[in-house]
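Student: Would you be able to build a 3D model of this:
(2 chains, ligands or ions: 2)
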Amino acid sequence: MATLLLADHTNKALGSATAKALTAAKALGADVHILVAGHDCQAAAAAAQLAGVSKVLVADAPHYAHALPEEVAPLIVSLMGAYTAVVAAGTTTGKNILPRVAALLDVMQVSDIIAVHAPDTFDRPIYAGNAIQTVQVADAKKVLTVRTAAFAAAAVGGAATIETITGPAAAGGAEFENAELTVSDRPELTAAKIIISGGRGMGNGENFTKLIEPVADKLGAAMGASRAAVDAGFVPNDWQVGQTGKIVAPELYIAVGISGQIQHLAGMKDSKVIVAINKDGDAPIFQVADYGLVADLFQALPELDAELKR
Amino acid sequence: MKILVPVKRVVDAYVKIRVKPDGSGLELANVKMSINPFDEIAIEEAVRLKEKGLATEVVVVSVGPAKSQEALRSAMAIGGDRGILVETAETDVIEPLAVAKILKAIADIEKPALVLMGKQAIDDDCNQTGQMLAALLGWPQGTFASKIAIDGGVIHVTREVDGGLETVKLKTPAIVTTDLRLNEPRYPTLPNIMKAKKKPLEIKTAADYGVNLAPRLKVLKTTEPPVRKAGIKVGSVAELVAKLKTDAGVL
Ligand SMILES: Cc1cc2nc3c(=O)[nH]c(=O)nc-3n(C[C@H](O)[C@H](O)[C@H](O)COP(=O)(O)OP(=O)(O)OC[C@H]3O[C@@H](n4cnc5c(N)ncnc54)[C@H](O)[C@@H]3O)c2cc1C
Ligand SMILES: Nc1ncnc2c1ncn2[C@@H]1O[C@H](COP(=O)(O)O)[C@@H](O)[C@H]1O
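Tutor: Ligands and ions are numbered 1, 2, ... in the order given. This is a model prediction of the structure:
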């Protein structure tokens, strides 16, 4: 039997998380089919091009327009007779929908897998990544969300067949009202090769614009933040990196004015190279930083900007 | 409108936990325990709704060993009216699916219009229970809430999503799970802590609700993640950039 992978998409485009979750789905060893549930959705073609996908199922209907779990979960459940596993990226969409599927199937979900040892055996982090559990699933059907930072994106180069399906009628109960999405030309946090994040030490939101943005521009980097910076209203919520925010693993992570509490480290400590800029030489962030600079950020960031110009 | 708030007793967020060298689990003897921070936000929100006259009663529930009474008392010190402890053995492993089944049985009896709970327990980091409960009850769900507004039989939930914020409209009864920005929980006052000790607390078992606690996941081992070694301190920005270019090769 095959594995069903729920696509993350915006109706216009396929999200970068799907190709990473696909790598985990393929590691289960079975054929992978991707489910694209949306409305006026153009993401199926991109899904069909991912290497190693044999089929793309498209459910296109108004009630799938906003990935409401009340609608998408019954759709997935209606398909599960033909699948032994359902997988989704651990995005806010995947996290919203899959546990609902798991409960309807009477299955315990394995959240945020970071390794696949066997089709029923996975590693997952607990306690903000301070411990790794290896778990074996006893249930016949597997329901898995994937920590995308732990898997490389599958390549393009496939040519899966695309099949249109019709799901159950609208369940109702929940309705999408509106979205305020951050628009930016920058790379997405979870897809960026370089990230520069600011913490409480930044002082205010203007300083992000004045001091971090120019550096991010030169590096082609995404911008992130600690919880303290988000809570203080310096930057939007979707910038938060950490245990309960986004989990990232870029080539280079630059933490500026961030102390390095475990909840923040949980979201970035798997980055390839970590740089910390902090005026407190004892800040815990230096315990994970490859390169630490003990300095006042108000001096160091303009210097960094100037140095990158050269 | 009655509100049900499930709360979990967890290792305090600021404790550095240690993994047992033999892979059998974590060193949890004598570590500081607290109410799960997201559940504290949930109880605060429920109490604010009651203070605004939008809720009539706030019932707090915990599934766990006898000491989970502490989490219930903390929740009642913030303003919960009464508690239900579904007591389990100290050695039981309680998975979200089992918790969701117990909560469903309690919701069937209590008939709340709203279940307000944490988005994530900071020990297992599962982020599942609320969604599972919503599925079992067949209720709509608003997860990762940073704002809620109640308007008759409808609740508007602003959710923290990867791209920013999204608002959904749910028919009650509904499930809402809290994110960090929903509110800042108050510190319970001493008189309220004393009062909480006298509030009614019922003790039940999973069997009372016909729920089997047997875990579905077998934990084969628990290990320490690879430790990241501290690197070097650089003396200047120029040195930093040079190192990133040549040694690290990331610029
Ligand atoms: C349930 C829960 C979930 C959480 N989830 C997350 C999460 O997902 N992500 C997250 O980040 N946190 C999270 N936290 C919060 C976390 O515990 C810390 O409180 C937070 O990460 C601190 O942010 P910070 O480092 O910016 O602030 P602080 O700890 O206040 O550190 C600020 C740092 O800036 C430095 N600084 C100040 N001024 C300057 C200057 N001029 N130049 C250079 N350096 C300067 C200081 O030396 C200090 O080290 C969570 C907490 C809880 C309880
Ligand atoms: N044992 C429990 N008792 C009461 N509530 C719980 C329990 N476990 C989980 N919850 C609730 O479910 C939320 C999410 O937990 P989890 O799915 O384990 O991350 C928590 O924030 C609590 O509100």
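
Student: What residues are bridge-paired with residue 34?
Tutor: All of this is about chain A. Residue A:34 forms beta bridges with residue A:5, residue A:56, as assigned by DSSP bridges.

Student: wrong one, I was asking about chain B
Tutor: Beta-bridge partners, per DSSP bridges, of residue B:34: residue B:10.

Student: Quick check: buried residues in stretch B:244-251?
Tutor: B:244, B:248, B:250, B:251 (16 or more other Cβ atoms under 10 Å in any protein chain shown). Placement of C-beta: from N, CA and C, glycine included.

Student: Can you tell me the element residue A:197 falls in?
Tutor: Using DSSP states H and E, residue A:197 maps to strand A:194-198.

Student: tell me the mean pLDDT for that strand?
Tutor: Mean pLDDT, strand A:194-198: 98.

Student: so what's the residue nearest the centre of chain B up against?
Tutor: Central residue of chain B (Cα atoms, centre = their mean): residue B:118, 3.5 Å from the mean position. By Cβ atoms under 8 Å, 6 or more residues apart in numbering or on different chains, the contact set of residue B:118 is B:6, B:7, B:8, B:36, B:37, B:38, B:39, B:41, B:42, B:130, B:177, B:178.

Student: so the fifth one makes contact with residue B:13?
Tutor: By that I understand residue B:37. Yes. Taking contacts as Cβ atoms under 8 Å, residue B:37 lies within contact range of residue B:13: 5.7 Å.

Student: Pick out whichever of these two has more residues nearby.
Tutor: Neighbours around residue B:37 and residue B:13, counted as other Cβ atoms under 10 Å in any protein chain shown, are more numerous at residue B:37. The numbers are 20 against 17.

Student: Look up how far residue A:244 lies from the more buried one.
Tutor: Using Cβ to Cβ, to the nearest Å, residue B:37 is found at 9 Å from residue A:244.

Student: now do residue A:104
Tutor: Residue A:104 is 26 Å from residue A:244, by Cβ to Cβ.

Student: For residue B:132, give me phi and psi.
Tutor: Here is the backbone geometry of residue B:132 (degrees, to the nearest 10): phi -70, psi -40.

Student: That one: how many residues sit nearby?
Tutor: Residue B:132 is flanked by 31 other residues according to other Cβ under 10 Å.

Student: list the contacts for it?
Tutor: Residue B:132 neighbours (Cβ under 8 Å, 6+ apart): A:99, A:100, A:102, A:103, A:109, B:96, B:97, B:100.

Student: Equivalent analysis for residue A:75, please.
Tutor: Residue A:75 neighbours (Cβ under 8 Å, 6+ apart): A:35, A:37, A:59, A:64, A:167, A:168.

Student: ok, and the closest non-adjacent residue to the first one?
Tutor: Okay, so that is residue A:35. Sequence neighbours aside, residue A:57 is the residue nearest to residue A:35 in space, at 4.9 Å (criterion: Cβ to Cβ, 6 or more residues apart in numbering or on different chains).

Student: Now list whatever residues contact both of residue B:37 and residue A:244.
Tutor: Joint contacts of residue B:37 and residue A:244 (Cβ under 8 Å, 6+ apart) are B:122, B:180.

Student: By neighbours, which of the contacts of residue B:118 wins?
Tutor: Busiest of the contacts of residue B:118 [other Cβ under 10 Å] is residue B:42, holding 34 neighbours.

Student: when you scan whichever helix or strand that one is part of, is anything in it near ligand 2?
Tutor: Assessed by DSSP H and E, residue B:42 sits inside helix B:37-51. Yes. Judged by Cβ under 6 Å from any ligand atom, helix B:37-51 and ligand 2 are in contact via B:38, B:39.

Student: what's that helix in contact with?
Tutor: With Cβ under 8 Å, 6+ apart, helix B:37-51 has contacts from A:244, B:1, B:3, B:5-8, B:13, B:35, B:55-58, B:60, B:71, B:74-75, B:78-80, B:114, B:116-122, B:148, B:150, B:176-180, B:182-186.
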